[in-house]
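Novice: sequence plus predicted model, see below.
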Amino acid sequence: MTAEPLSARPQALTDLMGDVGLDERGTSLWQGAFQRLRRNPSAIIGALIVLAFVLVAVFAPLIAPYEPAKSQWIDQVTPSTVPGHSAEHLLGLDPLGSDLFTQLVYGARQSLIIGIVSTAFGLAGGVILGTLAGGLGGWVDTLVMRLVDILLSIPSLLLAVSIAAMLGQRPSAIMIAIGAAQVPIFARLLRGSMLAQRNQDYVLASFSLGLRRRTIVMSHVLPNSLGPVIVQATLTLATAIIEVAALSYLGLGAPDPAVAEWGRMLVKAQDRLQSDPHLTLLPGICIAVTALGFTLLGESLREALDPKSRR
Amino acid sequence: MTSSETVSGPAPSPPPAPGSDVLLSVRGLQVHFPIKRGLVFDRTVGHVRAVDGVDLDVRRGQTYGLVGESGCGKSTFGRGLLRLEEPTGGSVIFDGQDIRSLKPEALRLMRRRMQMVFQDPLASLDPRQSVQSLLSEPLTVHGLSTADAEEFGRDSSSSHLAKAAAMLEVVGLPRGALAKYPHEFSGGQRQRIGIARAMILNPDLVIADEPVSALDVSVQAQVINLLEHLQDLLGLTYIVIAHDLAVVRHISDVIGVMYLGRLVEEAPSDDLYAQPLHPYTIALMSAIPIPDPEIEDHRERILLRGDLPSPANPPSGCRFHTRCPYRQQTRCDTEEPVLRDLGAVAPGRRVACHYAEEILAGQIAISDPSLQIDPVAG
């Protein structure tokens, strides 16, 4: 770093000279966090896993050799056996007579869409509620937080199952259900973070400068409070993918049993666990690795954004 | 229990007329914080009387120093003046206008003329804002662009930039600092940025709340000198809040000493240090070391016993009587002393002590000898 000799100079001398370094460009908090992230091996591993997952999902039609959810080889599947590896089918067939590799590739697409959409939904709801509570305070805060407490007192999977059951068997239902279960977590996190920021001197300074309350909340308190929420969103993406699998496993996913989705593949394979364990293991590993990727990324983001790790 | 029950002494002098020599006139200012109990329904079980009836006048161009130990309410007083903490009683007349009666929007506009410099320069700057954004935000908010456009540039953003750069130069930072963020500066530089931000609106009154206590001693003097330089340059009036007596002495024209939410003594700076009158001030002054080992070894020092009493339940009578080395049996714990003019005895000074004249004349000795540190042993 070129800044090394500068920081070695006594502080009084630096002050006296009014010297703030030779480079004229500053480093914002996010830029600094990104630089720390690049030096963190677990962040790189996490980012690579996530990147691979996203690429597979986006380019699924190019990677997969066949169309998904077409039970065109159903005649080759018997009640006791499924064809394994062959020249046409890299990983063999699934119990409904589709190509297993194709199903896995398209499953990534399903998981990614559901994970991102449901987390975005939960994040949006949570940010709105949290900003209302943390920004306005008073009775709005009390009202919103009691509502959130009620939602939090229900186990999130149970809440998601109830909502999914209520909305019927639609792919959108599962996203809304998982997102809704995440709203209280985001709301509470953002509110707490905003309350901590509201007591900072810079908020007082903004008031004394004559800024409007709305401006202070929206352009100072909120951006400074979002760090932990963004970290939580990354971690929640991993949970969402697992919860999608859980809800599909419980039979609350898409109505078509042949649709390519990792959780659903687990369900279909469970009665063949003894004879063909790879049918459950492969989608299971996919879920676990993807979740691991998002978790690693989220945890390193948390570390990088931690103000204590700043120089 | 209402918070406006305490009335201090005789009718205070009426606030001065607008345009007079006095810029800020505070009468009976109170800031009480409710103490709440209860899980679901909050009950108010008492009040913390952080500021409990302060009267003072600040003249234009003057620096008023406010000293006192931690928890005496001096910071809350400063915030109460700007209504950053809402006062619960009394009046604040700024240039003839009653600050407490202003509507929110009028108050917001009035804040341009009353600025604040904070103790912790890092905490008082938004970590996400570059210096340029920090300095131009107040200009944007108060729409100062049109007036300055002729002087600094054509459109408002470039005139803001020019003004921000000019202000940085005044506080001794290079133009290159504009693109940087607060965490990239040293403590002294950050405080300079905080000062630049307060001054860029061209205020009349600046309240500096412990402006140098978070800084290294080596940097403190520079920042104090900068504040003095800016006062001369911009014709500012200061209220400097500090616990460091040396800092306040250097910068202030008039000093007020606060104890437990009240002003106990007010005097011109040099007079106060030459001859403190209130027992609390005497004790504070005796704590300043003298840089001469001969005198330091033999001078008389007074020890203050115990902590500051709780401002939620201040002592009866004189608030200082629980710790006062000159405490008398007769009036101290029953009758609350008012901040009174001493007249011919000590012109221009106000003291809130029943026995100020007697203490000055040496007629009352320290009542409890154990409070006095033995000069030989100590």
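Specialist: Sure, I can see it.
Novice: rest of the way, CA atoms for contacts and neighbours
Specialist: Fine.
Novice: mean confidence score for stretch B:96-116?
Specialist: Averaged across stretch B:96-116, the pLDDT comes to 91.
Novice: check stretch A:108-127 too.
Specialist: Mean pLDDT, stretch A:108-127: 89.
Novice: quick one: B:Gly343 from B:Ile99, how far?
Specialist: Computed as Cα to Cα, to the nearest Å, the B:Gly343 to B:Ile99 distance reads 31 Å.
Novice: and those two? Which one has more around it.
Specialist: Remark: of B:Gly343 and B:Ile99, B:Ile99 carries more neighbours, 19 against 10, as counted by other Cα atoms under 10 Å in any protein chain shown.
Novice: I'd say the more buried one and B:Val92 touch.
Specialist: Yes. Assessed by Cα atoms under 8 Å, B:Ile99 is found in contact with B:Val92 at 5.6 Å.
Novice: got the phi/psi numbers for A:Gly137?
Specialist: When read as degrees, to the nearest 10, the backbone of A:Gly137 gives phi 70, psi -160.
Novice: got the residues of the stretch 201-311 of chain A near chain B?
Specialist: The stretch 201-311 of chain A comes close to chain B at residues A:201-205, A:207-212, A:220, A:224, as judged by Cα under 8 Å from any Cα of the partner chain.
Novice: same list, these, but as a markdown table with distance to A:Ala87 and secondary structure please.
Specialist: Output for these, formatted as a markdown table (distance: Cα to Cα, whole Å; DSSP: H, G, I helix; E, B strand; the rest coil):
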| residue | distance to A:Ala87 | secondary structure |
| --- | --- | --- |
| A:Asp201 | 68 | helix |
| A:Tyr202 | 66 | helix |
| A:Val203 | 66 | helix |
| A:Leu204 | 70 | helix |
| A:Ala205 | 70 | helix |
| A:Phe207 | 71 | helix |
| A:Ser208 | 74 | helix |
| A:Leu209 | 73 | coil |
| A:Gly210 | 73 | coil |
| A:Leu211 | 70 | coil |
| A:Arg212 | 69 | coil |
| A:His220 | 60 | helix |
| A:Asn224 | 56 | helix |
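Novice: give the buried subset of the residues you listed as a PyMOL selection command.
Specialist: Buried subset of those, written as a PyMOL selection, criterion 16 or more other Cα atoms under 10 Å in any protein chain shown:
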select buried, chain A and resi 201+202+203+204+205+207+208+209+210+211+220+224
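Novice: show me the helices in chain B, by range?
Specialist: Along chain B, counting by DSSP state H, helices occupy B:74-81, B:104-110, B:131-141, B:145-152, B:156-170, B:187-199, B:217-234, B:245-251, B:269-274, B:279-286, B:293-298, B:356-360.
Novice: comparing the ones you listed by mean pLDDT, which bottoms out?
Specialist: Least confidently modelled of the helices of chain B is helix B:145-152, at a mean of 51 by mean pLDDT.
Novice: below-threshold pLDDT in the stretch 251-378 of chain B: ranges please.
Specialist: Residues of the stretch 251-378 of chain B meeting the criterion pLDDT under 70: B:367-378.
Novice: strands of that one, residue ranges please.
Specialist: Taking DSSP state E, counting those that start in this stretch, the strands of the stretch 251-378 of chain B run over residues B:254-259, B:262-268, B:301-302, B:340-341, B:350-351, B:372-373.
Novice: and the ones you listed as JSON lines, adding mean neighbour count and distance to chain A?
Specialist: As requested, those are exported to JSON lines (neighbours: other Cα atoms under 10 Å in any protein chain shown; distance: least, Cα to the nearest Cα, whole Å):
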{"stretch": "strand B:254-259", "mean neighbour count": "25", "distance to chain A": "23"}
{"stretch": "strand B:262-268", "mean neighbour count": "25", "distance to chain A": "24"}
{"stretch": "strand B:301-302", "mean neighbour count": "22", "distance to chain A": "34"}
{"stretch": "strand B:340-341", "mean neighbour count": "17", "distance to chain A": "33"}
{"stretch": "strand B:350-351", "mean neighbour count": "24", "distance to chain A": "31"}
{"stretch": "strand B:372-373", "mean neighbour count": "16", "distance to chain A": "37"}
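Novice: a markdown table for the ones you listed, including distance to B:Leu125?
Specialist: Below are the strands of the stretch 251-378 of chain B laid out as a markdown table (distance: least, Cα to Cα, whole Å):
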| stretch | distance to B:Leu125 |
| --- | --- |
| strand B:254-259 | 28 |
| strand B:262-268 | 31 |
| strand B:301-302 | 40 |
| strand B:340-341 | 41 |
| strand B:350-351 | 38 |
| strand B:372-373 | 44 |
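Novice: distance check, the residue nearest to the spatial centre of chain B against chain A.
Specialist: By Cα atoms, centre = their mean, chain B has its centre lying nearest to B:Ile241, at 3.0 Å. Distance, B:Ile241 to chain A, using Cα to the nearest Cα, to the nearest Å: 16 Å.
Novice: what's around B:Ala274, how many residues?
Specialist: For B:Ala274, the neighbour count with other Cα under 10 Å is 9.
Novice: please read the previous query as pertaining to A:Ala196.
Specialist: If you count neighbours by other Cα under 10 Å, A:Ala196 ends up with 13.
Novice: what sits against B:Met285?
Specialist: For B:Met285, the contacting residues are B:273, B:276, by Cα atoms under 8 Å, 6 or more residues apart in numbering or on different chains.
Novice: so how far is B:Gly261 from it?
Specialist: From B:Met285 over to B:Gly261 the distance is 20 Å, taken as Cα to Cα.
Novice: same question, B:Gly61
Specialist: 26 Å.
Novice: these two - which one has more neighbours?
Specialist: Between B:Gly61 and B:Gly261, counting by other Cα under 10 Å, B:Gly261 is the more crowded of the two (27 against 19).
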